[in-house]
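> Okay, here's the prediction I keep looking at, along with the sequence it came from:
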Amino acid sequence: MSVISNQPEISIATTQPEQEVKNEDIVEENVKRESSSAAGVGELEITPVSAAIARHLGIDLTPEGKAARNRRGIALIIHGAPLSGKTGTAVALAKHYEAALLTLDGIVCDAIANGNTPAGLRARELCLEAAKKKAEELKESEIVEGDKKIGLSVEQVTAHTQGTGESYSQE
């Protein structure tokens, strides 16, 4: 003779260091066990007790929440030689799978422009140092070019005025 009780079943789960049990799994198992007789395959009956436990644990038991938990993501990293079509391939894959496309160049530029992280600040410092160094090199090259005399040398003027026909090339 079996006795059927309307009392909610309470289960206590302990975790061992080598065994990791998620609260979501325990609640879902209890909900499945409670609803196995009343609901069809794949459907869950949410009782007030299971809803309260799920709400306390921050678990969304709605069909949308369940679908979001079951969704598994994939990350693709495309690398290769320059001009091999990596960007085009990434764009085509992102469109096909309706996925987000992140390019490393965009992430790095955004970190430099907006980042207050130590890496972003260091990147800005390095860019500033490189810009200063380049500006100094340009100034030095302008000074060197400014020292060159524009015009004819003394030998060229003498040859030109005497009409000897000798031509000297400018340096």
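Noted; the coordinates are in hand. Just so you know, these numbers come straight off a predicted model, no measurement behind them.
> contacts, neighbours, all on C-alpha from now
OK.
> Residue ranges of each domain in this structure, please.
For the chain, the domain assignment from automatic domain parsing gives the residue ranges 23-70, 102-162.
> mean pLDDT lowest for which of these?
Of all the domains of the chain, mean pLDDT reaches its minimum on domain 23-70 (a mean of 69).
> next helix or strand past the lengthiest helix in the chain?
Among the segments of the chain that qualify as a helix by DSSP state H, the longest is helix 118-147. With elements assigned by DSSP states H and E, the helix or strand that comes after helix 118-147 is helix 154-162.
> hang on, the earlier thing: the longest helix of the chain packs against which elements?
Secondary structure elements in contact with helix 118-147, counted by 3 or more C-alpha pairs under 8 Å, 6 or more residues apart in numbering; DSSP states H and E, are helix 104-114.
> angle of the helix it packs on against helix 118-147?
On the basis of axes from the mean of the first three to the mean of the last three C-alpha atoms, to 10 degrees, helix 104-114 is oriented at 90 degrees to helix 118-147.
> For helix 104-114, give me every contacting residue.
Counting contacts by C-alpha atoms under 8 Å, 6 or more residues apart in numbering, the residues outside helix 104-114 that touch it are Gly120, Leu121, Ala123, Arg124.
> Can I get those residues in CSV including distance to Ile78?
Converted to CSV, these look like this (distance: C-alpha to C-alpha, whole Å):
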residue, distance to Ile78
Gly120, 24
Leu121, 28
Ala123, 24
Arg124, 27
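> Let me have the residues you listed in JSON lines, extended by neighbour count and distance to Val91.
Converted to JSON lines, the contacts of helix 104-114 look like this (neighbours: other C-alpha atoms under 10 Å; distance: C-alpha to C-alpha, whole Å):
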{"residue": "Gly120", "neighbour count": "18", "distance to Val91": "27"}
{"residue": "Leu121", "neighbour count": "16", "distance to Val91": "30"}
{"residue": "Ala123", "neighbour count": "18", "distance to Val91": "28"}
{"residue": "Arg124", "neighbour count": "17", "distance to Val91": "29"}
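> From Thr87, how far off is Gly80?
To Thr87, Gly80 is 10 Å away according to C-alpha to C-alpha, to the nearest Å.
> Roughly how far does Ile78 sit from Glu142?
Following C-alpha to C-alpha, the distance that separates Ile78 from Glu142 is 43 Å.
> now do Pro118
Distance from Pro118 to Glu142, counting by C-alpha to C-alpha: 36 Å.
> and the nearest residue to Leu93 once chain neighbours are set aside, helix, strand or coil?
For Leu93, ignoring the flanking residues on the chain, the nearest one in space by C-alpha to C-alpha, 6 or more residues apart in numbering is Ala99 at 8.0 Å. Secondary structure assignment for Ala99 (DSSP: H, G, I helix; E, B strand; the rest coil): coil.
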